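Undergrad: Give me a 3D structure for the following:
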Amino acid sequence: MTTATTVGVELGARRYDVRIGAITPAAAAAAIAEALGAVTGVAVLVDETVGARSPRVAPLVAALAARLPGVKRFDLRGGEACKTLAEIERTTEWLAGQGYDRRAAVVGVGGGAATDHAGFAAAVYLRGVRFALVPTTLLAMVDASVGGKTAVDLPAGKNLVGAFHQPSAVVADLGFLATLPPRELRAGLAEVVKCGFIADAALLELLETLPAGEAPLPEGTAAALVARAVRVKAEVVAEDETESGRRAILNFGHTVGHALEAASGYDLLHGEAVGLGMLAALSLGEARGLGTPALTARATALLARLGLPVDLRPRLSKEVLGRVTVDKKRRGGAIKFVFCPAAGETKLVDVSPDEIAAHFLRP
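TA: Alright, predicted model coming up:
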C-alpha cells in the first residue's frame, strides 16, 4: 500500500482501521477487500457529484471489481439530498433487485451525506450487512466516516432516523481533496477545529498557522490534520461507542449548528453551521461561567481566518432556535449541551431550550 497513516478504532472484535494518505485505487481496493473478507457481492454507492467531478472514482470501482465478486455501482443524489428515507428506500430496492444477500457488502464513496447514507442502508438492508467507506471530503474524513453513527434527515431536523453500525474499514484517500471545492474544504476544517477545542489544544495552534482565506492547505498538512482529528474521534468512540456518556463531547457546536443548517435548507454547509454552533456554545458558556471572552474571541478569529462564517447572532431567530427542541440529544425537557471551559476541555450540562432562546434572543 502507498505510504499511509493508520489509526485504529478499538472496538474489540469489531475494531477497524482508518487509513489516511495519498492512496492509489489499487491499494484502497486491497485494504477494503482484506477488511471485508469473503463476500458474495459488493454494491458501490457513489455520490453522483463526486463521481462526475473526481477522476479517482472510476479507477477505484474498477480496482474493487478486480478483487471482489459482484461489484456494481449505484449513484446517489449529490450531497444532503441523498439523506432521506425516500432515498434509502430507492437504494435498498436497488440492492434487493440486484440480488445482494446477507453476505454481500456495501462500499460508500462520497462526502458526509453519502457515507451516512451508505452506512444507514447497510445497517437496515437485510437487518445489517458489512460496509466500508471511502470519504472524499475533508469533513467526511475527519468526522462522518468514523464512529459508526449513520442517519438520514427528517423535515423536522438532521439525523433523526439512524443506527449505530460500524464499518469494516475506512480509506481516506487525500487525493480526492484536489478536486474538492475550496468552500467545502474550509467547511471540513470546522470539524478539525472542534477536535482541537474538545480534546487537542495543540491542534488549535497548528490550525492557527494555516494560510488565511481560501489558500490551499500546505503539502503534508492535510495528512497531519486528518490523522490528529481521527485519533481524537477514535479514542472517544472506543470509550463510548453508543453515546451513553463521553461521546457526547463530539457534539460540541452541533446543537445550534444542526438547527442553523436545517433552517437554511442546507444552503449552509455542515461545517459552516458547526462553526457557528461552536460560537453559540462558547457564548452561552460565558454566560454560565463555563468559558471566557478570550476563548470565544480565539475561536472567532480562527474560524474567520479559515474562511468560515462567524456572523452568528443575525442568523438566530425564534424559528431557528425552535428547531433546537427536536435535537436528538434532548432528554425530556433539557438538552445535553457541550461546553468548552478551556481549550482541550469539555463539560456536559443539561440546558433548557428556554434558556438557550433567552440568551440569544435578548435585546
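
Undergrad: The helix or strand where V226 lies packs against which elements?
TA: Per DSSP states H and E: V226 is located in helix 221-239. Judged by 3 or more CB pairs under 8 Å, 6 or more residues apart in numbering; DSSP states H and E, helix 221-239 is in contact with strand 5-9, strand 16-21, helix 182-199, helix 201-207. Every residue, glycine included, has its C-beta placed from N, CA and C.

Undergrad: what would those look like in CSV with mean neighbour count and mean pLDDT?
TA: Output for those, formatted as CSV (neighbours: other CB atoms under 10 Å; pLDDT from 0 to 100):
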stretch, mean neighbour count, mean pLDDT
strand 5-9, 18, 96
strand 16-21, 22, 96
helix 182-199, 24, 95
helix 201-207, 16, 95
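
Undergrad: quick one on the thing from earlier: what residues sit buried inside the helix holding V226?
TA: Residues 222-223, 225-234, 236-238 are the ones in helix 221-239 that count as buried (16 or more other CB atoms under 10 Å).

Undergrad: Closest one of those to D354?
TA: V236 (29.7 Å; CB to CB).

Undergrad: what about that closest one, distance to L204?
TA: Shown here: V236 relative to L204, a distance of 17 Å by CB to CB, to the nearest Å.

Undergrad: just to revisit the earlier point, what's the mean pLDDT across the helix holding V226?
TA: Helix 221-239 shows an average pLDDT of 94 in the prediction.

Undergrad: what residues does that helix touch?
TA: 5, 7-11, 18, 20-21, 138, 141-143, 146-148, 172, 174, 177, 189, 191-192, 195, 198-200, 203, 206-207, 210, 217, 245-247, 249-250 (CB atoms under 8 Å, 6 or more residues apart in numbering).

Undergrad: Okay, strands next: where are they in this structure?
TA: 5-9, 16-21, 42-47, 71-76, 105-110, 130-135, 149-154, 157-164, 169-173, 330-331, 334-339, 347-351 (DSSP state E).

Undergrad: In TSV: those, plus distance to H254.
TA: As requested, these are arranged in TSV below (distance: least, CB to CB, whole Å):
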stretch	distance to H254
strand 5-9	20
strand 16-21	21
strand 42-47	22
strand 71-76	23
strand 105-110	21
strand 130-135	18
strand 149-154	11
strand 157-164	9
strand 169-173	21
strand 330-331	13
strand 334-339	8
strand 347-351	13
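
Undergrad: Could you tell me the least trusted of the ones you listed?
TA: Sorting the strands of the chain by mean pLDDT places strand 330-331 lowest, at a mean of 57.

Undergrad: Hmm, L260 is touching G275, no?
TA: No: checked against CB atoms under 8 Å, the pair L260 and G275 is beyond contact range at 9.8 Å.

Undergrad: who has more neighbours, the two?
TA: Neighbours were counted for L260 and for G275 using other CB atoms under 10 Å; G275 has more, 32 against 24.

Undergrad: Just list the residues touching the more buried one, thanks.
TA: For G275, counting by CB under 8 Å, 6+ apart, the contacting residues are 190, 193, 253, 257, 303, 308-310.

Undergrad: Where do the domain boundaries of the protein fall?
TA: 5-179, 182-361 (automatic domain parsing).

Undergrad: Tell me which of the ones you listed is the most buried.
TA: domain 5-179 (a mean of 21; mean count of other CB atoms under 10 Å).

Undergrad: Distance from the chain centre to it, please.
TA: 13 Å (CA atoms, centre = their mean, to the nearest Å).

Undergrad: Same check on stretch 190-201?
TA: 13 Å.

Undergrad: Next, the contact list for G70, please.
TA: With the criterion set at CB under 8 Å, 6+ apart, G70 makes contact with 39-42, 100, 104.

Undergrad: cool, D116 as well?
TA: Per CB under 8 Å, 6+ apart, neighbours of D116: 83, 144, 150-152, 159, 162.

Undergrad: wait, which of these is closest to F131?
TA: T150 (9.0 Å).

Undergrad: Can you tell me the closest non-neighbouring residue to the closest one?
TA: G119 (3.3 Å; CB to CB, 6 or more residues apart in numbering).

Undergrad: so that neighbour makes contact with G148?
TA: Yes: the pair G119 / G148 is scored as a contact, 7.2 Å apart, by CB under 8 Å.

Undergrad: Determine the residues that are contacts of both of those two.
TA: 165, 167.

Undergrad: Who are the contact partners of the residue positioned nearest the centre of the chain?
TA: Per CA atoms, centre = their mean, the C-alpha nearest to the average position across the chain is that of A144, at 2.4 Å. For A144, the contact set (CB under 8 Å, 6+ apart) comprises 111-113, 115-116, 135.

Undergrad: Please name the nearest non-neighbouring residue to it.
TA: That would be G112: by CB to CB, 6+ apart, it lies 3.4 Å from A144.

Undergrad: surely that neighbour meets M141?
TA: No: here G112 does not reach M141: they are 9.3 Å apart, not a contact under CB under 8 Å.

Undergrad: Find residues that contact each of those two.
TA: Joint contacts of G112 and M141 (CB under 8 Å, 6+ apart) are P135.

Undergrad: Y100 touches G41, doesn't it?
TA: Yes: Y100 is within contact range of G41, at 5.2 Å (criterion: CB under 8 Å).

Undergrad: so which of the contacts of D116 would you say is closest to I335?
TA: N159 (14.6 Å).
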